[in-house]
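> Got a predicted structure plus its sequence, pasted below:
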Amino acid sequence: MRRELEADMKRINRNWKQLERIGQDRVRWRMLLGSLCSSHEG
């Protein structure tokens with residue numbers, strides 16, 4: 001039981017870090033696209 005729990009926690013932790021990274025990438029993408037769009041309009 002404990003071994004399964006530890007395995008699940010490791011899996012969840014890995015997924016959480018991945019989600020965090022995706023979230024940061026999304027913010028960067030938004031900034032990049034925002035700067036591209038603003039330079040296009042001007």
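All right, it came through fine. On a predicted model such as this, the values are computed, not experimentally measured, just so you know.
> Pull the contacting residues for residue 12.
By Cβ atoms under 8 Å, 6 or more residues apart in numbering, no residues touch residue 12. No exception for glycine: its C-beta is placed from N, CA and C like everyone else's.
> okay, it: pLDDT?
Per-residue pLDDT puts residue 12 at 91.
> again with the one 10 residues further on
Here, the pLDDT recorded for residue 22 equals 91.
> Same question for residue 41.
65.
> just residue 28 next, same as before
92.
> Look at it and give its secondary structure.
For residue 28, the assignment made with DSSP: H, G, I helix; E, B strand; the rest coil gives helix.
> how close does it sit to residue 7?
According to Cβ to Cβ, to the nearest Å, residue 28 stands 32 Å off from residue 7.
> same deal with residue 24?
27 Å.
> Same check on residue 33?
In terms of Cβ to Cβ, residue 33 sits 39 Å off from residue 7.
> Which parts of the protein are helices?
2-41 (DSSP state H).
> Nearest residue to the middle of it?
For the chain, residue 22 is the residue whose C-alpha lies nearest the centre (Cα atoms, centre = their mean; 1.8 Å).
> do you know how far it is from residue 8?
As judged by Cβ to Cβ, residue 22 and residue 8 stand 21 Å apart.
> about what we covered before: now do the residue nearest to the centre of the chain against residue 13, distance only.
15 Å.
> Identify the residues contacting the residue nearest to the centre of the chain.
Applying Cβ under 8 Å, 6+ apart, we find residue 22 in contact with no residue.
> For residue 24, grab the count of nearby residues.
Neighbours of residue 24 under the rule other Cβ atoms under 10 Å: 10.
> again with residue 5
Applying other Cβ under 10 Å, we find 9 residues neighbouring residue 5.
> what's the answer for residue 9, then?
Residue 9: 10 neighbours (other Cβ under 10 Å).
> do the same with the one 5 residues further on
Other residues near residue 14 come to 10 when the count uses other Cβ under 10 Å.
> go on, the one 4 residues further on?
The local packing count at residue 18 equals 10, with neighbours defined by other Cβ under 10 Å.
> Now do it, the pLDDT please.
Among the per-residue scores, residue 18 holds a pLDDT of 91.
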